[in-house]
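Novice: quick one: sequence plus predicted model below, questions after.
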Amino acid sequence: MTSADWQALAQDLQETLHLDTPPVAITFSEQRPDGVAAFDHPTASPAPDGRTGRVPAGCVFWIHAAKRTFSTVPEDHGNCSVGRLTHGMATLGDIAGNSDVAELLGSDWVDMDAVLGIPTVSTPPGAVTYGPLNEATTDPDVVLIRADAHQMMVLGDALPGLRLEGKPQCHIIAVAKEQQKVAASMGCALSRARTGMGSEEMTCAIPAQELGAVLDSLKRASAIDNGVAGYAAEDARRFA
């Protein structure tokens, strides 16, 4: 699709769901795309186990991406072992000895069976590009939205097969990219602490090539919900 197509879809999606935050495009590639600025925050000092990166976790890039387009390389994601795993940047063997993994397992936040079942991106990327969907100039892999409870209700009505996932939040990107399924997340304590996302916010990852069909379903569901809400509001006046 053209950049104009993605701009139109972005506007349609934001208006249909009344999103407070613009939808974000996420694109995996073998190398940095030409003409896209590199994410330039300084690399943090390494943790004792050697972990470092330009942000505390890959999900933090989602927050920056609502405002501008930039590219990242795997080293930029290096601080969060879980995010590296879900995004295909590391294997379980690569991260098993890291202190953040030890903390998550030792605290019973997750167990090893859960870790082994986490969806992951199958092909290690050389770069991941993030940015507002309305700035996309090439076809992204995933469209990510931040939604409140009402917006998630509309998504659930529109998409009966919507997957509602728990921790870690970032694995919904792999579900959308690899399985071509729309997946929502309740969020996770790890990601919320690092991103500063509001307690009322959830996330939803949509396979980019399915966005048009998803929008059609959203519009139908939203119109029906508005009609039912209007009836309910009128009916409730008898109790005022």
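Specialist: Structure's in. What do you need?

Novice: quick one, helices of this structure?
Specialist: In the chain, the helices defined using DSSP state H lie at 3-17, 60-65, 81-86, 92-95, 99-106, 112-116, 149-158, 171-179, 189-195, 211-236.

Novice: in the protein, where is pLDDT below threshold?
Specialist: In the predicted model of the chain, no residue satisfies pLDDT under 70.

Novice: give me the nearest residue to the spatially most central residue of it, chain neighbours excluded.
Specialist: What sits nearest the mean C-alpha location of the chain, by C-alpha atoms, centre = their mean, is residue 144, with 4.4 Å. Nearest non-adjacent residue to residue 144, counting by C-beta to C-beta, 6 or more residues apart in numbering: residue 24, 4.5 Å away. Just so you know, the C-beta spots here come from the backbone N, C-alpha and C atoms, and that holds for glycine as well.

Novice: before we move on, what about residue 199?
Specialist: Nearest residue to residue 199, sequence neighbours excluded (C-beta to C-beta, 6+ apart): residue 192, at 7.6 Å.

Novice: over to residue 219?
Specialist: Excluding its sequence neighbours, the residue lying closest to residue 219 (C-beta to C-beta, 6+ apart) is residue 16, at 5.8 Å.

Novice: please apply the same query to residue 111.
Specialist: residue 105 (6.9 Å).

Novice: residues contacting that neighbour?
Specialist: With contact taken as C-beta atoms under 8 Å, 6 or more residues apart in numbering, residue 105 is in contact with 111-112, 115.

Novice: quick check: the residue nearest to the centre of the chain vs residue 26, distance?
Specialist: With distances taken as C-beta to C-beta, to the nearest Å, residue 144 is found 6 Å from residue 26.

Novice: re earlier: doesn't residue 204 make contact with the residue nearest to the centre of the chain?
Specialist: Yes: using C-beta atoms under 8 Å, residue 144 makes contact with residue 204 at a distance of 7.3 Å.

Novice: burial measure for residue 93, as a count.
Specialist: Neighbour count of residue 93, defined by other C-beta atoms under 10 Å: 7.

Novice: sorry, back to before: burial of the residue nearest to residue 219, as a residue count?
Specialist: 19.

Novice: all numbers from here: first residue = 208
Specialist: Shifting the count to begin at 208 puts that one at residue 223.

Novice: OK, contacts around it?
Specialist: 422, 425-426, 429.

Novice: most tightly surrounded among the helices of the chain?
Specialist: Of all the helices of the chain, helix 288-293 has the most neighbours on average by mean count of other C-beta atoms under 10 Å, namely a mean of 26.

Novice: off-centre distance for it?
Specialist: In terms of C-alpha atoms, centre = their mean, to the nearest Å, the centre of helix 288-293 is found 14 Å from the chain centre.
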